[in-house]
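Visitor: What follows is a protein structure lacking sequence information:
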């Protein structure tokens, strides 16, 4: 049997060397920190879902949205049967630097975390991978500008 993935989106917001993460209030990722995001609604593009979820979970309005990565998130039970399958589109976006994020909707907390913080938090592997890749990219850019 072929499983069809359900569309989901998340959005990465950075301020200098920190990333905005929300703590999930509901299953399946309850108590985990992740980039703001969630399931796409019927008729919604991945980008529209990312923008909507950011607004619902943090009150922030996304600008300059670009696709960063796509993940297939597959969960299986003890017999190997697929229990959930999401295709997660991860976007980069900017927000007004003066805007203040507030946890809402299915986010019960949020904060700005460095890569070192993220390494100690309960986060999905996709969050850690994206944060590490963006941190490497930032360090490479800084190093090139120094020369």
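Guide: Okay, I see it. Here the structure is a predicted model, which is why all the values come from computation and not from measurement.

Visitor: And the lengthiest helix in the chain, how far out from the chain middle?
Guide: Identified as the longest helix of the chain according to DSSP state H is helix 125-146. Distance of helix 125-146 from the chain centroid (CA atoms, centre = their mean, to the nearest Å) equals 16 Å.

Visitor: go on, stretch 3-15?
Guide: Relative to its chain's centre, stretch 3-15 lies at 6 Å (CA atoms, centre = their mean).

Visitor: What residues sit buried inside that stretch?
Guide: Applying a neighbour-count criterion of 16 or more other CB atoms under 10 Å, one finds 7, 8, 9, 10, 11, 12, 13, 14 buried in stretch 3-15. All C-beta spots, glycine's among them, are computed from the backbone N, C-alpha and C.

Visitor: what's the helix or strand for the last one?
Guide: Under the criterion DSSP states H and E, the helix or strand holding residue 14 is strand 6-15.

Visitor: what angle sits between that strand and helix 125-146?
Guide: Between strand 6-15 and helix 125-146, the angle comes out at 40 degrees (axes from the mean of the first three to the mean of the last three CA atoms, to 10 degrees).
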